[in-house]
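In: okay, predicted coordinates and the sequence, questions at the end:
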Amino acid sequence: MNAKKVLAKTYIGLVLVILYAPIVFIAIFSFTEAKSLGNWTGFSIDLYRNLFTGSMQNSAGLLSALENTLLIALIASVVATFLGTVAAIGIFNLKGAKKNTMNFLNNIPMINPDIITGVSLFLLFVFLHISQGYVTVILAHITFCTPYVVLNVLPKLSQMNPNIYEAALDLGATPSQALRKVLIPVLRPGMVSGFILSFTMSLDDFAVTFFTRGTIGLETLSTYIYADARKGGLTPELKPLMTIIFLFILMVLLFINIRQSKNTEKK
Amino acid sequence: MSKRSSWALPYFIFLVLFVVLPLLLIVFYALTDGNGHFTLANITRFFSDGDSLSTFALSIEVAIENTLLCILIGYPTAWILANKDYNRSAVTVVLFILPMWVNALMRTLATAELFTMAGVTLGKGTLLFGMCYDYLPFMIYPIYNVLNKMDVSYSEAAQDLGAKPSEVFRKVTLPLSMPGVLSGVMMVFMPTVSTFAISEFLTNNKIKLFGTIIQENINNSMWNYGAALSLIMLVIIAITTMLQKDNSEQLEGGTI
């Protein structure tokens, strides 16, 4: 039994090592000055300093890409959370064929690979003669994010005891009060996980942004990295930036999980 | 609450505008020429174009191999993670999903760089490994979810009735976890066929996958042919989705 346990732990450890190798690699080489990724020219924190003081070759490009990425992700996931929550309440109250149709339509963006979503929206904007840029990228991101919000909120609705809502109304709450004080608190965990999922998918997206950003020179981190890599040389400051983003997310996730497991222990 | 059903309407309109209409436009552009006249030329061009066909075949091959590799590595991982004897911490599970939060292109570039440093020539082998690395979390997570929610009394009952551990796995655990495997396959297979950028980075532009040809055609303003290639992918997606639906319905009907 013990040998089995050791074997299981070793296997998990091995997969994790392989999974994290490239990330650790980026992190290690963020502490050297060399331009190319696998080149070690001695320990240095110059890249970090460059990143924070903005004194790098094309700092404006990288920083505006970062800003665009965060802004697009924030707007898209806020709108997706709102649209998806309203939609989930609506879908939950639908019946029969209408409900099935909505569920079916909601599934399509999740099944479609990025490139299909990207190409199809590109054709839409071309067809409607809408010039592409910020707005079209944000609309595209809302399109692939909202289904995940719906999917996270719907279970909260079906777990809820409908009598609580009715009781609030019977006790004199207006429908909008009942919504704010009864429904929303119940849905909040689903909305939060939908929002987090939307935000991270938007951050990581490459293909959809690539097809819907038009030709105005809008860059997000993904498209910036793509263009950089095609030119042959990655902006070295990307290494410390990626390291910082990774550590930040690692801490947030560990924090959330430790808090959650404490909560469940209490219960 | 019943009046709230109208709340689905804005999203319905949104979905029609940004999901249904764009997909119909793929069909429209695929079946017309530059002047908007109906033609099948784009479709027939694909089937007579040796380059496109061989890229397509290669993409399917790579996608099948990648999916199998992900199941091979991912299933045991998910099984161990869901097994209470080996793992009780949710943090370990999070560790497997965490790499997805680092920009995929950046990770892929680092993977390619690691191969180069190790002296491995970039080619099909590195493509497969890199793809597997990118998509593994998408396989582990759905399988883990199903295994984790599975009622242990099923396998305990099988054990009590005299099944050996290997039989318990083969006849109880594995069939019950199939829905997880199938959704993992859905999340790995089609995205692999359609990747671009990732395949270029991992092979130093030596190997193109189907996604790359679609991208090249769209970017070079050959929208009609690009749309036709996208339509072919859509058809495959529709078929695999329907197959998956049939399977999972059968499974549910068979086990419960």
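Out: Alright, I've got the coordinates.
In: residue B:35 in helix, strand or coil?
Out: With DSSP: H, G, I helix; E, B strand; the rest coil as the basis, residue B:35 sits in coil.
In: next, the buried residues of the helix or strand where residue B:216 lies.
Out: Assessed by DSSP states H and E, residue B:216 sits inside helix B:210-219. Applying a neighbour-count criterion of 16 or more other C-beta atoms under 10 Å in any protein chain shown, one finds B:210-215, B:217-218 buried in helix B:210-219. The way it works is simple: take the backbone N, C-alpha and C, and place the C-beta from them, glycine included.
In: chain A next: which of those are close?
Out: B:211, B:214-215, B:218 (C-beta under 8 Å from any C-beta of the partner chain).
In: make TSV from those and add pLDDT to it.
Out: Formatted as TSV, these follow (pLDDT from 0 to 100):
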residue	pLDDT
B:211	91
B:214	92
B:215	92
B:218	92
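In: and the gap between the residue nearest to residue B:16 when sequence neighbours are not counted and residue B:12?
Out: Leaving out its chain neighbours, the residue that sits closest to residue B:16 by C-beta to C-beta, 6 or more residues apart in numbering or on different chains is residue A:105, at 7.8 Å. Going from residue A:105 to residue B:12 by C-beta to C-beta, to the nearest Å gives 7 Å.
In: same deal with residue B:182?
Out: Taking C-beta to C-beta, one finds residue B:182 at 28 Å from residue B:12.
In: likewise residue B:96?
Out: Residue B:96 is 36 Å from residue B:12, by C-beta to C-beta.
In: can you tell me the element the residue in the stretch 1-150 of chain B that chain A sits nearest to falls in?
Out: Per C-beta to the nearest C-beta, residue B:8 is where the stretch 1-150 of chain B lies closest to chain A, at 2.8 Å. Applying DSSP H and E as the criterion places residue B:8 in helix B:8-15.
In: can you pull the buried residues of that helix?
Out: B:8, B:11-12, B:14-15.
In: check stretch A:241-254 too.
Out: Within stretch A:241-254, judged by 16+ other C-beta under 10 Å, the buried ones are A:241-243, A:245-246, A:249-250, A:253.
In: cool, and stretch B:25-37?
Out: Result for stretch B:25-37 [16+ other C-beta under 10 Å]: buried residues B:25-26, B:28-32.
In: where in the stretch 51-200 of chain B is pLDDT low?
Out: Within the stretch 51-200 of chain B, no stretch has pLDDT under 70.
In: next, the buried residues of the helix or strand hosting residue B:125.
Out: Assigned by DSSP H and E, residue B:125 belongs to helix B:124-149. Across helix B:124-149, burial judged by 16+ other C-beta under 10 Å covers B:126-147.
In: could you say what helices and strands that helix packs with?
Out: For helix B:124-149, the packing partners by 3 or more C-beta pairs under 8 Å, 6 or more residues apart in numbering or on different chains; DSSP states H and E come out as helix A:2-28, helix B:50-82, helix B:90-97, helix B:104-117, helix B:174-194, helix B:198-203.
In: ok, residues contacting the next helix or strand after that helix?
Out: For helix B:124-149, the succeeding helix or strand toward the C-terminus, using DSSP H and E, is helix B:152-160. With C-beta atoms under 8 Å, 6 or more residues apart in numbering or on different chains as the test, helix B:152-160 has contacts from B:165, B:167-168, B:171-173, B:176.
In: separate out the buried members of those residues.
Out: Applying 16+ other C-beta under 10 Å to the contacts of helix B:152-160 flags B:168, B:172-173, B:176 as buried.
In: out of those residues, which is nearest to residue A:166?
Out: Nearest to residue A:166 among the buried ones among the contacts of helix B:152-160, counting by C-beta to C-beta, is residue B:176 at 37.7 Å.
In: what's the closest non-adjacent residue to the closest one?
Out: Using C-beta to C-beta, 6+ apart, the closest residue to residue B:176 is residue B:150 (5.6 Å).
In: next one: residue B:5
Out: Closest to residue B:5 by C-beta to C-beta, 6+ apart is residue A:93, at 4.0 Å.
In: show me where pLDDT drops low in chain A?
Out: A:1, A:35-38, A:54-59, A:263-267.
In: in it, which residue sits closest to chain B?
Out: Closest to chain B within chain A is residue A:90: 2.8 Å, counting by C-beta to the nearest C-beta.
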